[in-house]
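**Q** predicted model and sequence below, questions to follow.
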Amino acid sequence: MSNCIFCKIIDGEIPSAKVYEDELIYIFKDIEPQVKVHLLAIPKKHITSLDELTAEDEQAIGHIFSTVAKLSEEFGITEGYRVISNCKDHGGQTVGHVHFHVLGGEKLPMNII
């Protein structure tokens with residue numbers, strides 16, 4: 001999608017602090033972190049919301065979670081972290097591209113994101 005900020009990040013049109021990339025997913029540091037560690041994990045395929053996921057998307061979405069687990073040691077969040085995804089406007093989704101907030105590095109408050 002030409003106007004999607006996350007697609008532009010994946011394409012290198014907008015700079016990001018990339019922490020991981022492969023053929024399916026892209027993970028980078030949030031520019032406005034809510035806590036000590038705040039990453040965004042996204043599929044490279046543009047999917048507007050969780051409601052649009054199909055069976056063919058399962059590999060990328062599952063891969064996001066297994067990769068986050070592997071990155072937890074590197075980012076010092078092995079004592080616990082939270083993964084959050086907001087769906088559509090009423091669910092708090094502000095970017096129309098499926099994404100997961102990975103939060104950790106400290107004791108997390110219950111009312112974050």
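**A** Received the coordinates, thanks.

**Q** tell me the pLDDT at I113?
**A** The pLDDT attached to I113 in the predicted structure is 65.

**Q** those strands in the protein, which residues are they?
**A** 18-21, 25-29, 37-43, 81-84, 100-104 (DSSP state E).

**Q** output those in CSV; the columns should cover mean neighbour count and distance to N3.
**A** Every residue, glycine included, has its C-beta placed from N, CA and C. Formatted as CSV, the strands of the chain follow (neighbours: other C-beta atoms under 10 Å; distance: least, C-beta to C-beta, whole Å):
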stretch, mean neighbour count, distance to N3
strand 18-21, 15, 21
strand 25-29, 20, 18
strand 37-43, 21, 16
strand 81-84, 16, 24
strand 100-104, 22, 21
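
**Q** got CSV for those, with distance to L53 and mean pLDDT too?
**A** Formatted as CSV, these follow (distance: least, C-beta to C-beta, whole Å; pLDDT from 0 to 100):
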stretch, distance to L53, mean pLDDT
strand 18-21, 21, 98
strand 25-29, 14, 98
strand 37-43, 9, 98
strand 81-84, 15, 96
strand 100-104, 12, 97
